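Enquirer: fold the following and give me the result.
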Amino acid sequence: MSNEYAIRVQDISKMYKMYAHKKDRLLEALGFSKKHRYTEYYALRHVSFDVKRGETVGLIGTNGAGKSTMLKIITGVLQPTGGKLDIDGRISALLELGAGFNPEYTGIENVYLNGTMMGYTKAEIDGKLKAILDFADIGDFVNQPVKSYSSGMFVRLAFAVAINIDPEILIVDEALSVGDIFFQSKCYAKFEEFKKEGKTILFVSHDLGAVSKYCDRVILLNKGEKLAEGTPKDMINLYKKILTGSSEDIRNLGKNHADVISGSVSEDQLRDEQKKTYGDAHSITLHEDGDDWKSHFQINPDLNEYGNHRAEIVDFAIVDEDGKLTSTIVKGTRFQIRTKIRFNDDIEKPIFTFTFRNVRGIDITGTNTEIEKKEVPIAHKGDVYVATYEQEMTLQGGEYLLSMSCTGFVNGNLTAYHRCYDLLSVTVVSDKNTVGFYDMDSVTTVVKVNS
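Expert: Predicted coordinates:
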């Protein structure tokens, strides 16, 4: 393999045999069956890409796209069904942290065990031990059996071992957000240090802000196939479209987008193809009589929904600054939340609401039509209203849960007509996260005052 490349993935596929019954697997293993008793499931299908030495490349895609499977093949955890893989350099993988730890061994013993498994001599591990223990910062627990560790201490030590082994190639799968916020800060600082040292990094994350900030190039996977590759901005924009398109449409869109990157078609041609693929509903500002917006979003399967249903939320939408239906919003841009409510009874002064919560269930922000002084004096049976909230996205990059409701006061008591808690997930993409829940958008100046 040329010294230019650290990783070359050529036509890699991974197929799993899916058996309907356990006996089918046994009969086939014993050779008693002349026909296949399984169906084929391809986690990866004919995927090819290269990672140059010193490059930071991101792998993104929805759940089930094949990202983790690809990383496991690259690190040797899985064997591909077909294709060729070339690796030039020593790999350290932040995949399933601590997978090789022996719970009966102490922390230090596990450091030596993992280092040996990675191919290092005792003398080499001796030289790295202090850096590993300083990074993990778990005190005297390093001399205790790992089975006595809290989950936080366990991942801190596992991360410290993997990140301080000084690899030539670093493989990262959603591992930079372990431990508390202080340890996470240390993890990202180490990641930055690796980039500055020119290490080769293959990075998988659902944090699109981190992908945008750290990656030189991004590869987009969808349902086991490589859809496209290009700049982080281009691939994140294309990823947003995956959330609203059919599988066949997405394949066509990925091909067209790749053609734009290579220069074989123009942006205007791509827009025409997108319009053919998605239709106007995906590219125009929504109208109050629009069709079934919610079908373009993934609704929480564990939705907490209740109320007396005198009014019902029958549709909803999130609209980005380009007028597109999406659950991914870029920080600093304007966007809309829309809720369509149908009234099954006459209701005086209904109140329409929305709330953003973090993954821990803490309310971050929200508003309602009463607070905003947009009162509806009375809604009659059969009426349909659309509440539209437009604002700038100032939340930090990350994942949030959006709730909506229609409430009101009956005889002085707050009554829920229809509440949908944690209705859907909203991703905020950011390349600048400040401290806390939201960005105050400070105008900052630094002036030298001494001569």
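
Enquirer: looking at this structure, which strand is longest?
Expert: Longest strand in the chain by number of residues (criterion: DSSP state E): strand 413-429.

Enquirer: same question for it, mean pLDDT?
Expert: Mean pLDDT, computed over strand 413-429, is 91.

Enquirer: now do it: distance to the chain's middle.
Expert: 21 Å (CA atoms, centre = their mean, to the nearest Å).

Enquirer: also stretch 341-358?
Expert: On CA atoms, centre = their mean, the centre of stretch 341-358 falls 30 Å from that of its chain.

Enquirer: in that stretch, which residues are buried?
Expert: Neighbour counts using 16 or more other CB atoms under 10 Å place 341-343, 347, 350-357 of stretch 341-358 among the buried residues. Glycine gets a C-beta too; all of them are placed from N, C-alpha and C.

Enquirer: okay, how far is it across it, tip to tip?
Expert: Length of stretch 341-358, first residue to last, CA to CA, to the nearest Å: 25 Å.

Enquirer: check which residues of stretch 362-379 are buried.
Expert: For stretch 362-379, a neighbour-count test (16+ other CB under 10 Å) marks 366, 368-370, 376, 379 as buried.

Enquirer: in strands, which of the residues you listed appear?
Expert: Using DSSP E, the subset of these located in strands is 366, 368, 379.

Enquirer: how close does the residue nearest to the second one when sequence neighbours are not counted sit to L414?
Expert: Think N368. Counting by CB to CB, 6 or more residues apart in numbering, N368 lies nearest to T353, which is 3.8 Å off, once chain neighbours are set aside. The gap separating T353 from L414 is 11 Å, by CB to CB, to the nearest Å.

Enquirer: name the residues contacting each of the two.
Expert: Residues touching both T353 and L414 by CB atoms under 8 Å, 6 or more residues apart in numbering: T407.

Enquirer: run through who's touching whichever helix or strand V47 is part of.
Expert: Element membership of V47, judged by DSSP states H and E, is strand 38-52. Residues outside strand 38-52 that contact it (CB under 8 Å, 6+ apart) are 4-20, 24-25, 28, 57, 66, 69-70, 73, 80, 83, 200, 202, 219, 221, 224-226, 229.

Enquirer: swap in 6 Å and give it another go.
Expert: Applying CB atoms under 6 Å, 6 or more residues apart in numbering, the contact partners of strand 38-52 are 4-19, 57, 66, 69, 202, 219, 224-226.

Enquirer: other SSEs contacting the helix or strand following it?
Expert: Counting by DSSP H and E, the next helix or strand C-terminal to strand 38-52 is strand 56-60. With contacts taken as 3 or more CB pairs under 6 Å, 6 or more residues apart in numbering; DSSP states H and E, strand 56-60 sits against strand 200-204, helix 208-214, strand 217-222.

Enquirer: distance from the chain centre to the next helix or strand along the chain from strand 56-60, please.
Expert: Next in sequence after strand 56-60, counting helices and strands by DSSP H and E, comes helix 67-74. Distance of helix 67-74 from its chain centroid, counting by CA atoms, centre = their mean, is 16 Å.

Enquirer: please apply the same query to stretch 436-451.
Expert: Mean-position distance between stretch 436-451 and its chain equals 31 Å (CA atoms, centre = their mean).

Enquirer: can you pull the buried residues of it?
Expert: Across stretch 436-451, burial judged by 16+ other CB under 10 Å covers 438-439.

Enquirer: what is the three-state secondary structure of the most centrally placed residue in the chain?
Expert: Centrality entry for the chain: nearest residue to the mean C-alpha point is H206, 1.8 Å, by CA atoms, centre = their mean. Look at H206: counting by DSSP: H, G, I helix; E, B strand; the rest coil, its state is coil.

Enquirer: likewise K233?
Expert: K233 is classified as helix under three-state DSSP.

Enquirer: which non-adjacent residue is nearest it?
Expert: In space, and not counting its chain neighbours, K233 is closest to S212: 6.9 Å by CB to CB, 6+ apart.

Enquirer: any idea how many residues pack against Y38?
Expert: Burial of Y38, expressed as a neighbour count using other CB atoms under 10 Å, amounts to 14.

Enquirer: can you get me a residue count around G100?
Expert: G100 is flanked by 14 other residues according to other CB under 10 Å.

Enquirer: that one against N114, yeah?
Expert: Yes: under the criterion of CB atoms under 6 Å, G100 makes contact with N114 at 5.5 Å.

Enquirer: of the buried residues of stretch 362-379, which is the nearest to D302?
Expert: G366 (20.1 Å; CB to CB).

Enquirer: can you check the pLDDT for the closest one?
Expert: On pLDDT, G366 comes in at 95.

Enquirer: quick one, strands of the stretch 1-150 of the chain?
Expert: Counting by DSSP state E, counting those that start in this stretch, the stretch 1-150 of the chain has strands at residues 5-19, 38-52, 56-60, 82-87, 91-94.

Enquirer: now T427: closest residue in space, sequence neighbours ignored.
Expert: Nearest non-adjacent residue to T427, counting by CB to CB, 6+ apart: T328, 4.5 Å away.

Enquirer: I misspoke; the intended subject was I12.
Expert: Residue nearest to I12 in three dimensions, not counting chain neighbours: G83, with 3.6 Å by CB to CB, 6+ apart.

Enquirer: okay, now the unreliable bits of the stretch 351-451 of the chain?
Expert: Applying pLDDT under 70 to the stretch 351-451 of the chain flags residues 360, 445, 451.

Enquirer: now do 90
Expert: Filtered on pLDDT under 90, the stretch 351-451 of the chain yields the residue ranges 357-363, 397-399, 411-414, 421, 429-448, 450-451.

Enquirer: after the helix or strand of the chain with the lowest mean pLDDT, which helix or strand is next?
Expert: The helix or strand of the chain with the lowest confidence, counting by mean pLDDT, DSSP states H and E, is helix 267-278 at a mean of 45. Once helix 267-278 ends, the next helix or strand along the chain (criterion: DSSP H and E) is strand 304-306.

Enquirer: each with direction, which strands does that next one pair with?
Expert: Sheet pairing here is set by DSSP bridges, and for strand 304-306 it gives strand 413-429 (antiparallel).

Enquirer: alpha carbons of the partner strand, as PDB, please.
Expert: Output of strand 413-429 as PDB, limited to C-alpha atoms (Å, rounded to 0.1, in the frame of the first residue of the first chain):
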ATOM      1  CA  ASN A 413     -57.700  24.600  36.900                       C
ATOM      2  CA  LEU A 414     -55.100  23.900  34.200                       C
ATOM      3  CA  THR A 415     -56.400  21.100  32.000                       C
ATOM      4  CA  ALA A 416     -54.400  19.100  29.400                       C
ATOM      5  CA  TYR A 417     -56.400  18.600  26.200                       C
ATOM      6  CA  HIS A 418     -53.500  16.900  24.500                       C
ATOM      7  CA  ARG A 419     -49.900  16.600  25.600                       C
ATOM      8  CA  CYS A 420     -47.000  14.900  23.800                       C
ATOM      9  CA  TYR A 421     -43.900  14.700  26.000                       C
ATOM     10  CA  ASP A 422     -40.600  14.000  24.200                       C
ATOM     11  CA  LEU A 423     -42.300  13.800  20.900                       C
ATOM     12  CA  LEU A 424     -39.200  13.700  18.800                       C
ATOM     13  CA  SER A 425     -35.400  14.300  18.900                       C
ATOM     14  CA  VAL A 426     -33.900  17.500  17.600                       C
ATOM     15  CA  THR A 427     -30.200  17.700  16.800                       C
ATOM     16  CA  VAL A 428     -28.400  21.000  17.000                       C
ATOM     17  CA  VAL A 429     -25.300  21.300  14.900                       C
END
